[in-house]
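Engineer: structure here, sequence nowhere to be found:
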């Protein structure tokens, strides 16, 4: 992975903010949370594009109850172009039940522990925990994910396809999906309309 002053060598726990000039049906206008970035590539979830399915609707399809009104009406995110038939849960490590040991939230069968303290879980056991009124306090559910091969994301950064900024959990868990893209620009102290296509990275 190249050492460049334009962007950190490890964008794990960062946002990728699509440049306003990006002309792509899915990634145009998108905000991506990077769950993993290393010399083999990158993995992330689009966190501001939604499907027509609510979390309640997804649990209904899975034939699971959902005694979590805080999650029920949230939209299921369109996490990316890969694995549309697979669910991904981006969550914190704070249990919704105070008596639950936080370590239990890190013991799901298939989880990626992000360095910033969040976890991306793709195994059914996290859904089952939520269906029992347990599991993490804050969670985003997505269908699909986004990934980049070795060097691909770096090439896109050099080509000014993305701006980058350290991720903010408040933006993820306390702001509606349609407002997250503009808010991410505010983290940089700029407005999307003020950015010319040739401007580089933060």
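Structural biologist: Yes, it's here. On a predicted model such as this, the values are computed, not experimentally measured, just so you know.
Engineer: just give the number of residues close to residue 83.
Structural biologist: Residues lying near residue 83 (other Cβ atoms under 10 Å) number 16. In short, each C-beta sits where N, CA and C put it, glycine included.
Engineer: check the one 10 residues further on too.
Structural biologist: For residue 93, the number of neighbouring residues by other Cβ under 10 Å comes to 16.
Engineer: that one and residue 114 touch, don't they?
Structural biologist: No. Contact criterion Cβ atoms under 8 Å: residue 93 and residue 114 do not qualify, at 10.3 Å.
Engineer: remind me which residues of this protein are low pLDDT?
Structural biologist: Residues of the chain that meet the criterion pLDDT under 70 lie in 1-8, 102, 104-106, 192-202.
Engineer: switch the cut-off to 80
Structural biologist: Along the chain, segments meeting pLDDT under 80 span 1-9, 98-107, 115-117, 190-202.
Engineer: could you pull out the strands for it?
Structural biologist: 14-18, 31-38, 41-46, 50-54, 75-78, 82-91, 111-113, 119-121, 139-149, 162-166 (DSSP state E).
Engineer: okay, those, which one's buried deepest?
Structural biologist: strand 14-18 (a mean of 26; mean count of other Cβ atoms under 10 Å).
Engineer: quickly run through the sheet partners of that strand, with directions.
Structural biologist: Here strand 14-18 has these sheet partners by DSSP bridges: strand 31-38 (antiparallel), strand 162-166 (antiparallel).
Engineer: before we move on, the earlier item: with distance to residue 172 added, can I get the strands of the chain in JSON lines?
Structural biologist: JSON lines is the format used below for the strands of the chain (distance: least, Cβ to Cβ, whole Å):
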{"stretch": "strand 14-18", "distance to residue 172": "9"}
{"stretch": "strand 31-38", "distance to residue 172": "7"}
{"stretch": "strand 41-46", "distance to residue 172": "10"}
{"stretch": "strand 50-54", "distance to residue 172": "14"}
{"stretch": "strand 75-78", "distance to residue 172": "10"}
{"stretch": "strand 82-91", "distance to residue 172": "7"}
{"stretch": "strand 111-113", "distance to residue 172": "16"}
{"stretch": "strand 119-121", "distance to residue 172": "12"}
{"stretch": "strand 139-149", "distance to residue 172": "6"}
{"stretch": "strand 162-166", "distance to residue 172": "12"}
